[in-house]
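Chemist: model the structure of this input:
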Amino acid sequence: MASIDHRLRLSHTVIRRLWVGFFSCVTAAAAAAGADEHAGGGFLEVRGTRLFLEDKPFAEISFNKFDLFWQLLAAEHERPGFGPQPAARAEKALRELHEFGFKTIRVFCATGAMDRDYFDPAAQPRFHAAMDRMLDLCDRHELRVVFCLATTNNLRAPDESSWQAVADPKSCSRVRIETFVDDMVTRYRNRTTVAIWEIANELLLEADIGGRSQLWGEEKVPNLQEVVAYHRAIAERIRRLDRRHPISTGDSYRNNLWHLSEHAKGRTENPWQTDSLEQLGEAVSRPQRAADVFSIHAYYFGRPHGVHAIRRLDGGLEAFELVAWTRIAHQLEMPLYVGEYGVLPRSRTEAHAEQFRNNPEWPVSLTEDPEATERVYREALDRLVGARPNLAHVWAYQSDRDQDRGDEQRADLDLERTPNLVRAVVEANRQLQQATIGFTYAPESHPPAITPQ
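Modeler: Just a heads-up that it's a prediction; the model follows:
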């Protein structure tokens, strides 16, 4: 017989599910009432292996502006954390991105405190107001949003595991996820401001890291098959509500994903062995089939292996070039979307000693040696342009979080700190567009604001 405590917990879970289900119906109905206001043409489209915008071929290297919604929500509540004028800073960033000729950005559209910010009925109107404001500002500056729904970790119930969010359709976490997805998609499905619905952020990094026990520390985590099923379920849910916007999984990858998966099934001995190109491509492709664009996140780490290493037939390691992902995506008849890319500063510690030996100019800070950092960054961007992705978002543009202001190793770019690197991304975008679609959406000359004062 279950203990009294256990039965109380079950009762609490049932009550919470009933409340969240009721909340979902109310918010969906409210969203539907005003959803047609922005109906019309101009949606980003997927046609085979290409993207089209307003019936013209489209390709772009732009930026993540990951904190955009968070800072507008902070402004709505008059909360600290984003400086004295978070809304003004947000609009400044969007205005600059528009002036550079960019057409898309990627934004995290769920917070790390969704019980406070969304599932509390009293907070929900302000959540919607901040999201409406974000999309209106993007409309004003002719920017479309890769709308990262950031499901799983951001939306899961506080007392449930990652496995329950991903693999248990009857969990409280899944009810919360479905509530939020239904609300956002129903509310904004007619807005061309939404470029792509993105299911999660890097969920694939959790797949099979728990081995055969599926335990990472004390928490149960999903396996690869469960991640695949989750992406399929959420993608199907989105499509039942909205068939006009493309869908992305928002995934990154480990270069031993195939071995992790095979080890969990008892078929390999070493789960952390580096995959071959064929193994890695096959494993990463499994969850992508649920989506419309093939999503990867890949940062540049310099020589000798660039983005990641892969294992050759003789057992040695070689560089895994980004263009391999383009080929794999196109074999699946999908465009390639590199959702995060860039150069991450490193501290000069023993953990990174080999990287500094192979890359003496690698930045400790993006601002410490601007000329050396620009050489590294341009090398990274050359790799990205050479891969010919359909869409890529550099990490990141102008983080306005207070916690990033004093961080020497922050990786975001802006006109105040790193104008030379912003210029490099603008030029890379133009190069990609000329090489892949034959014309550029960016202005022919740099806007005056790009020159440091």
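Chemist: which parts of the stretch 101-250 of the chain are helices?
Modeler: Per DSSP state H, counting those that start in this stretch, the stretch 101-250 of the chain carries helices over the ranges 114, 124-140, 162-167, 172-188, 224-241.
Chemist: could I get the ones you listed in CSV, plus columns for mean neighbour count?
Modeler: Yep, even glycine has a C-beta here, placed from its N, CA and C like the rest. Putting the helices of the stretch 101-250 of the chain into CSV (neighbours: other C-beta atoms under 10 Å) gives the following:
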stretch, mean neighbour count
helix 114, 19
helix 124-140, 18
helix 162-167, 23
helix 172-188, 22
helix 224-241, 19
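Chemist: make CSV out of the ones you listed and add distance to residue 89 and mean pLDDT.
Modeler: Output for those, formatted as CSV (distance: least, C-beta to C-beta, whole Å; pLDDT from 0 to 100):
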stretch, distance to residue 89, mean pLDDT
helix 114, 23, 98
helix 124-140, 12, 98
helix 162-167, 33, 97
helix 172-188, 23, 98
helix 224-241, 31, 98
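Chemist: which among those is found nearest to residue 296?
Modeler: helix 224-241 (13.9 Å; C-beta to C-beta).
Chemist: hang on, the earlier thing: so for residue 70, which of the helices of the stretch 101-250 of the chain sits nearest?
Modeler: Among these, if distance is taken as C-beta to C-beta, the winner is helix 124-140, at 8.9 Å.
Chemist: and the angle from the closest one to helix 172-188?
Modeler: Orientation note: helix 124-140 sits at an angle of 50 degrees relative to helix 172-188 (axes from the mean of the first three to the mean of the last three C-alpha atoms, to 10 degrees).
Chemist: when you give positions from now on, start the count at 3
Modeler: Sounds good: first residue 3 from here, last item helix 126-142.
Chemist: what about the stretch 303-452 of the chain, any weak spots by pLDDT?
Modeler: Where the stretch 303-452 of the chain drops to pLDDT under 70, the residues are 444-452.
Chemist: show me where it has its strands.
Modeler: For the stretch 303-452 of the chain, the strands defined by DSSP state E, counting those that start in this stretch occupy 310-313, 319-322, 338-343, 393-396.
Chemist: count the neighbours of residue 284 for me.
Modeler: Around residue 284 sit 15 other residues, with neighbours defined as other C-beta atoms under 10 Å.
Chemist: looks to me like it is in a helix.
Modeler: Yes. With DSSP: H, G, I helix; E, B strand; the rest coil as the criterion, residue 284 is assigned to a helix.
Chemist: convert the C-alpha atoms of stretch 100-118 to CSV, please.
Modeler: Coordinates of each C-alpha in stretch 100-118 appear next as CSV, following Å, rounded to 0.1, in the frame of the first residue of the first chain:
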residue,chain,number,x,y,z
HIS,A,100,18.0,46.0,-39.0
GLU,A,101,20.5,48.7,-40.2
PHE,A,102,23.0,45.9,-40.9
GLY,A,103,20.5,44.3,-43.2
PHE,A,104,19.7,41.2,-41.1
LYS,A,105,16.2,39.6,-41.5
THR,A,106,16.1,37.0,-38.7
ILE,A,107,17.2,36.5,-35.1
ARG,A,108,16.9,33.7,-32.6
VAL,A,109,15.3,34.3,-29.2
PHE,A,110,14.6,32.1,-26.1
CYS,A,111,10.9,32.5,-25.5
ALA,A,112,10.5,30.8,-22.2
THR,A,113,12.3,31.8,-18.9
GLY,A,114,14.0,29.9,-16.2
ALA,A,115,11.2,30.7,-13.8
MET,A,116,8.0,29.7,-15.6
ASP,A,117,6.1,29.0,-12.4
ARG,A,118,6.5,32.6,-11.5
